[in-house]
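> mind looking at a prediction? Sequence and model below.
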Amino acid sequence: MKLIWTKNRFAERKSFRPDEMKNFAAIDFETANGYSSSICSVGVVVVRDGVVSDRYYSLVRPAPNYYSPGNVRVHGLTREDTDVADHFPEVWAEVVQHIEGLPLVAHNSQFDERCLRAAFHRYNMTYPDYEFHCTCRASRRVFGRLLPNHKLDTVAAHCGFVLENHHHALADAEACAAIAVKIL
């Protein structure tokens, strides 16, 4: 299943402190197996001037193309879901048009950056050294022991966002964007 970019015409403006990050792309990857390059879905939420402006979700045919049972338990995707999906280079060519020049934000950004780098390497693509920010690290810094943990759903709820479909790449990117707007 592939969704197209959508504009948020009804976004409500909020006031921001001058030191807040107002423009970024929140990103989330799900993987099919233990290989970082095995991206099987991607969700992206573009925030401009502190307001969600675009959303994107796509399934991706993973490389290598097999699914580990543990990964399937986490996100529910299987090979049958992605066998007809585009490969990473085709999906990324669409994504990059909307995120060009924006810093990337992810919850536990080390995982998502590692996946992105591995996919670029797998397909012999030149990695453009994206700037990554981590909402998990920011949460630890901002909220400290106020929260029982700094998992995505916990932090999102504390920031007023209900994460209804955890481990769906778009839902996780939306939660990450909501957190970033509040604390980055």
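Received, thanks.
> from here on, contacts and neighbour counts on C-alpha atoms
Fine.
> which residues in the chain form strands?
For the chain, the strands defined by DSSP state E cover 6-7, 24-31, 39-48, 51-59, 104-106, 132-134.
> can you redo these as a markdown table with mean pLDDT and mean neighbour count?
Putting the strands of the chain into a markdown table (pLDDT from 0 to 100; neighbours: other CA atoms under 10 Å) gives the following:
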| stretch | mean pLDDT | mean neighbour count |
| --- | --- | --- |
| strand 6-7 | 46 | 12 |
| strand 24-31 | 98 | 29 |
| strand 39-48 | 98 | 26 |
| strand 51-59 | 97 | 22 |
| strand 104-106 | 98 | 27 |
| strand 132-134 | 97 | 20 |
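> adding distance to Arg79, write those out as JSON lines.
Shown next, in JSON lines, are these (distance: least, CA to CA, whole Å):
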{"stretch": "strand 6-7", "distance to Arg79": "27"}
{"stretch": "strand 24-31", "distance to Arg79": "11"}
{"stretch": "strand 39-48", "distance to Arg79": "9"}
{"stretch": "strand 51-59", "distance to Arg79": "11"}
{"stretch": "strand 104-106", "distance to Arg79": "25"}
{"stretch": "strand 132-134", "distance to Arg79": "29"}
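> which among the ones you listed is found nearest to Val72?
When these are compared by CA to CA, strand 24-31 sits nearest Val72, at 9.0 Å.
> give the partner strands of that closest one in its sheet and their orientations.
strand 39-48 (antiparallel), strand 104-106 (parallel) (DSSP bridges).
> distance to Asp54 added to those strands, as TSV?
Below are the strands paired with strand 24-31 laid out as TSV (distance: least, CA to CA, whole Å):
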stretch	distance to Asp54
strand 39-48	5
strand 104-106	14
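> for Phe161, find the nearest of those strands.
Comparing these by CA to CA, strand 39-48 comes nearest, at 14.3 Å.
> that closest one to strand 51-59, inter-axis angle?
If you take axes from the mean of the first three to the mean of the last three CA atoms, to 10 degrees, strand 39-48 sits at 170 degrees to strand 51-59.
> not counting its own residues, what contacts strand 39-48?
Strand 39-48 is touched from outside by 22-32, 52-63, 77, 82, 88, 95, 98-99, 115, 119, 168-174, 177, with contacts defined as CA atoms under 8 Å, 6 or more residues apart in numbering.
> about what we covered before: which stretch among the strands paired with strand 24-31 comes nearest Gly70?
strand 39-48 (14.0 Å).
> restricting to C-alpha, output that closest one in CSV.
What follows is strand 39-48, C-alpha atoms only, in CSV (Å, rounded to 0.1, in the frame of the first residue of the first chain):
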residue,chain,number,x,y,z
ILE,A,39,13.6,-1.3,5.3
CYS,A,40,10.1,-2.5,4.6
SER,A,41,8.1,0.7,5.3
VAL,A,42,8.8,4.4,5.7
GLY,A,43,6.8,7.2,7.2
VAL,A,44,7.6,10.9,6.9
VAL,A,45,6.0,13.9,8.4
VAL,A,46,7.2,17.3,7.1
VAL,A,47,6.8,20.2,9.5
ARG,A,48,7.2,23.8,8.2
